[in-house]
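1. Take a look and give me a structure for this.
(2 chains)
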Amino acid sequence: MYEPKIIAFLCRWCASAAADLAGVSRLSYPANIIPIVVPCSGRVDPRAIIEAFLNGADGVLIGGCHTPNDCHYISGNFKAFKRIHILKKLLKQFGIEPERIRLEWISATEATKLVQVTKDFVETIRKLGPLAR
Amino acid sequence: MKERIGVFICHCGRNIAGTVDVEKVAEVISKHPQVVHCETYVYMCSEPGQKLIMDAIRNKGLTAVVVAACSTTIHYETFARVVEADGLNRYKLEIANIREQCSWIHINRKEATEKAIRIVLASIAKVSMDEPLYPIKAKVTRKCLVIGGGIAGITAALDIANSGIPVVLVEKSPTIGGKMAMLSETFPTLDCAQCILTPKMAEVARHPNVKILTCSEVISVEGYVGNFKVKILKHPRKVDPSKCRLCTLCERVCPVTVPREFDRGLSTRKAIYIPFPQAVPSAYVVDEEHCTKCGLCVKVCPTKAINLDEKEEIIEEEVGAIIVATGYDLYPGEKLREYGYGVYKDVIDSLQFERLLSSGGPTKGQILRPSDKKPVKRIVFIQCAGSRDDNHLKYCSKICCMYTAKHALLFKERVHDGEVTIFYIDIRAAGKGYEEFIKRVQEEFEVNYIRGKVSKVYRDKNGDMVVIGVDTLSGQKVTVRADLVVLALGIIPQLDRDLASMIKIPVDEYGFAQEVHPKLRPVECVTSGVFVCGAVQGPKDISETVTQASAAAAKVIELLTQEYITHEPTIAEVDKDLCSGCRICIAVCPYGAIEIVEGKAKINEVLCEGCGACVVACPSSAIKLRNYTDSQLINMVKAALTGV
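-> Model prediction:
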């Protein structure tokens, strides 16, 4: 079976903490997800997402803190939301399906949400197939 | 310089090694061109494991270290101390989390091993470009500014001053004391407000570490935690407090009469006046707005204390911390047109009723109706006037249930045969001794509580106030005739928007000052060095206000007793050669940490929290986040994808 490669940018405060909690709780999710911990979802430069696609990723997940008030840096999640919204539109023009990028708010306690999101995302990408390069 | 990286892979007993083939990881990683040393050990965090790292740093001349083990949050500090012990900078250490985010969640050994390799490779990519960093230090000015001289500001100022730190207490009105000074008695103990407040006012006034500035406003705040520069506009008092002997002669000759704010318009004062007898500073003040400058007061003053030509002055202060304690105001009753506030003299608000109850008030504590000064026998209280109402304030003002019960009790104590009706939505009496107090009022004092809302208040031809409402428990329409109607008006924050934006404190949708975290950081503002307490942060009673004020004071003392403040060095940095001065970064920075100096962006090292929002926004790529640069992030992505 085709196994997609997915880069997951996880914010240090919420999504990465949820991933740690998933580990502690031994909640299994697909190994396709390669975590990269970042200070904030607002730090995820659209260029880094594009680089991920250029270097073999089939999907990119960005996990941040819940809007409106959870962001450790006040408004980084909103910035991520806007930037990724624009990036998706842009990538569509280049023939890259917007579904290959997924932004999710995952709090430090939502290990189950992280698991559900990653499983679902892997399935989505699997259906889309490898990113043609 | 070519990095000499050491990679240390932990088995964590079987926690990692059970799923991840650690030897295979080591074999692959050893081939990395920058890795000069790679080994595995059963428990890397143990004493022997730590020794392995130290030995390798010494013997192999490592310049950077990656520990592949558990989550950063668990053992970063342990390993940071290990590398530091051998002279490496702690920022040349990366932890690759191959336990929580790898071995513990996967079953397939091949997949887990492959993923662990990717995670370690990403960490190597990052550490090879990490710079050695050192904590940022900034000096601290040992002085605190407290804005607002109510019970919150007074309490905070006293606590801080008692710890030996100087305080500047700024109050807009001519006296400190705030709303609490207007109250008669306080629930649930029925302590007289003046009796418990005025000693504190006197104490703060004579405290050698407190400088009180009344009639004053903060007009500008610059700088950052530990180093604020504040400008305060002091309006002219026109009476020298050191000369004023409170002889009242000036007041007697003054020809101008206006409503007295302290009695909320239930009595009058002159244009030269003292807000109330126990005011601090204990001196008269000239009301600039109404004074006609006739000069009669100047002629009669025996101590020559009055100078009608006194000008305003601007006072500059340097402080290390700021406490915002500007308190609350009542929701404007005029907006509740159906209740007739502002139309009928006998519909008053709760603070006016406090003045009627007060022995120092306009009626010396007798309950007389404002319209004709006749004793009040029948009284109606309307709770939630403006609060919990989608058309007005959505929130609960929290203190009205308790003070209305207190009002009812105090009224019945003065007028034994009086009839009291209270309209309420719910009774919220969560507090020590609060529920018991409500019960006592309901049972011992025979107060008629009606659950329901009032739809209309009007005056009939006999001069009676008629209150029409509905009893939602029986479903009946009720009409109550009364001599006086008291509205428990909701509480709104008293926080000037200009002041809030000057100090950079965010406000919530209702305008209350927003704390960083409602549970864990309840008195801190996102702007470092700024704290908040009292009703400006949310509706609260006196005991909660005092608690919060002491908490804010403790935080200030914690900050200002340090010689230096230290700050994480992983912050943003501007490359001046690339910066075009476009100001986009200024708009995205949530901390106001960026300013333009000589046409280029400049980051305030103490204010920057290192979120990286500006880095992404910069169109010239002129800003980098130390140890999280764009190249680092992209190299991490590449390394993680390259894999085995």
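
2. The residue of chain A positioned farthest from its centre - nearest residue in space that isn't next to it in sequence?
-> Going by C-alpha atoms, centre = their mean, the residue of chain A most distant from its centre is A:Met1, 22.4 Å out. If the residues on either side of it in the chain are set aside, A:Met1 comes closest to A:Arg126, at 7.8 Å by C-beta to C-beta, 6 or more residues apart in numbering or on different chains. No exception for glycine: its C-beta is placed from N, CA and C like everyone else's.

3. Tell me if I'm right that the one you found and A:Ile6 touch.
-> No. Counting by C-beta atoms under 8 Å, A:Arg126 sits too far from A:Ile6 to count as a contact (10.2 Å).

4. what about those two, which has more around it?
-> Taking A:Arg126 and A:Ile6 together and counting by other C-beta atoms under 10 Å in any protein chain shown, A:Ile6 has the greater number of neighbours (24 against 17).

5. Which strand residues bridge the more buried one?
-> Going by DSSP bridges, A:Ile6 is paired in beta bridges with A:Ile33, A:Gly59.

6. what packs against the one helix or strand A:Leu114 maps to?
-> Using DSSP states H and E, A:Leu114 maps to helix A:111-128. Counting contacts by 3 or more C-beta pairs under 8 Å, 6 or more residues apart in numbering or on different chains; DSSP states H and E, the secondary-structure elements packed against helix A:111-128 are strand A:6-11, helix A:15-24, strand A:33-38, strand A:59-64, strand A:101-105.

7. which stretch among those comes nearest B:Ala161?
-> Distance to B:Ala161, taken as C-beta to C-beta, is lowest for helix A:15-24 among the helices and strands packed on helix A:111-128, at 40.5 Å.

8. CA atoms only for the closest one - export them in CSV, please.
-> Extracted C-alpha coordinates of helix A:15-24, given in CSV (Å, rounded to 0.1, in the frame of the first residue of the first chain):
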residue,chain,number,x,y,z
ALA,A,15,-0.1,20.5,19.5
SER,A,16,3.3,19.1,20.5
ALA,A,17,2.2,18.7,24.1
ALA,A,18,-0.9,16.9,22.8
ALA,A,19,1.5,14.6,20.8
ASP,A,20,3.4,14.0,24.0
LEU,A,21,0.2,13.2,25.8
ALA,A,22,-0.8,10.8,23.0
GLY,A,23,2.5,9.0,23.6
VAL,A,24,2.1,8.9,27.4
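
9. so where's chain A shaky on pLDDT?
-> Applying pLDDT under 70 to chain A flags the ranges A:133.

10. Name the residue closest to the centre of it, please.
-> Using C-alpha atoms, centre = their mean, the residue of chain A that lies closest to the mean C-alpha position is A:Leu61, 1.5 Å off.

11. how near is the residue nearest to A:Met1 to B:Ala622?
-> To B:Ala622, A:Arg126 is 40 Å away according to C-beta to C-beta, to the nearest Å.

12. just A:Tyr73 next, same as before
-> Here A:Tyr73 is placed at a distance of 20 Å from B:Ala622 (C-beta to C-beta).

13. between these two, which one's more packed in?
-> A:Tyr73 (24 against 21).

14. Now do the SS call for the closest residue to that one other than its chain neighbours.
-> With C-beta to C-beta, 6+ apart as the measure, B:Cys611 is the residue that lies nearest to A:Tyr73, at 3.5 Å, once sequence neighbours are left out. Reduced to three states with DSSP: H, G, I helix; E, B strand; the rest coil, the structure at B:Cys611 is coil.

15. residues contacting B:Cys611?
-> When contacts are counted by C-beta atoms under 8 Å, 6 or more residues apart in numbering or on different chains, B:Cys611 is found next to A:Pro39, A:Cys40, A:Gly42, A:Arg43, A:His72, A:Tyr73, A:Gly76, B:Pro590.

16. For the second one, give its distance to B:Ala613.
-> Read that as A:Cys40. For A:Cys40, the distance to B:Ala613 under the criterion C-beta to C-beta works out to 7 Å.

17. Give the residues shared as contacts by these two.
-> In terms of C-beta under 8 Å, 6+ apart, A:Cys40 and B:Ala613 are both contacted by the residues A:Tyr73, A:Gly76.

18. what angle separates the helix holding A:Leu114 from helix A:15-24?
-> 100 degrees (axes from the mean of the first three to the mean of the last three C-alpha atoms, to 10 degrees).

19. So what touches helix A:111-128?
-> Taking C-beta under 8 Å, 6+ apart as the rule, helix A:111-128 contacts A:1-2, A:4, A:6, A:8, A:15, A:18-19, A:21-22, A:25, A:27-30, A:32-33, A:58-59, A:61, A:63, A:97, A:99-100, A:102, A:104, A:106-107.

20. Quick one, which of these are buried?
-> Buried positions within those, assessed by neighbour count (16 or more other C-beta atoms under 10 Å in any protein chain shown), are A:4, A:6, A:8, A:15, A:18-19, A:21-22, A:27, A:29-30, A:32-33, A:58-59, A:61, A:63, A:100, A:102, A:104, A:106-107.

21. What is the neighbour count of residue 128?
-> No chain was given, so I picked chain A. Other residues within reach of A:Leu128 by the criterion other C-beta under 10 Å amount to 15.

22. ah, I was thinking of chain B
-> For B:Ser128, the number of neighbouring residues by other C-beta under 10 Å comes to 22.

23. pretty sure B:Thr40 is in contact with B:Ala26, am I right?
-> Yes. Assessed by C-beta under 8 Å, B:Thr40 is found in contact with B:Ala26 at 5.2 Å.

24. Can you check which residues contact both of the two?
-> Listed contacts common to B:Thr40 and B:Ala26 are B:Ile9; contacts here mean C-beta under 8 Å, 6+ apart.

25. For chain A, see how far away B:Lys110 is.
-> In this structure, B:Lys110 lies at 9 Å from chain A, with C-beta to the nearest C-beta, to the nearest Å as the measure.

26. And for B:Ile586?
-> Distance from B:Ile586 to chain A, counting by C-beta to the nearest C-beta: 14 Å.

27. Secondary structure element for that residue, which one?
-> In this structure, B:Ile586 is located in helix B:584-588 according to DSSP H and E.

28. Local confidence estimate at the residue nearest to A:Tyr73?
-> The model reports B:Cys611 with a pLDDT of 95.

29. Next, the buried residues of stretch B:516-525.
-> Across stretch B:516-525, burial judged by 16+ other C-beta under 10 Å covers B:Val516, B:Pro522, B:Val523, B:Glu524, B:Cys525.

30. Quick one: residues contacting the fourth one.
-> B:Glu524 makes contacts with B:Glu515, B:Val516, B:His517, B:Val530, B:Phe531, B:Val532, B:Lys555, as judged by C-beta under 8 Å, 6+ apart.

31. gap between stretch B:238-254 and the chain center?
-> Distance, stretch centre to chain centre, for stretch B:238-254: 38 Å (C-alpha atoms, centre = their mean, to the nearest Å).

32. Touching it from outside, list them.
-> Contact partners of stretch B:238-254, identified using C-beta under 8 Å, 6+ apart, comprise B:269-274, B:281-286, B:288, B:291, B:296-297, B:299-308, B:310.

33. ok, of those residues, which come out buried?
-> Listed as buried from the contacts of stretch B:238-254 are B:269-274, B:281-286, B:288, B:291, B:296-297, B:301, B:305-308, B:310; burial here means 16+ other C-beta under 10 Å.

34. and the residue in the stretch 1-150 of chain B that chain A sits nearest to, how far is that from B:Ser30?
-> Proximity of the stretch 1-150 of chain B to chain A (C-beta to the nearest C-beta) peaks at B:Glu100, 3.0 Å away. Counting by C-beta to C-beta, the separation of B:Glu100 from B:Ser30 is 25 Å.
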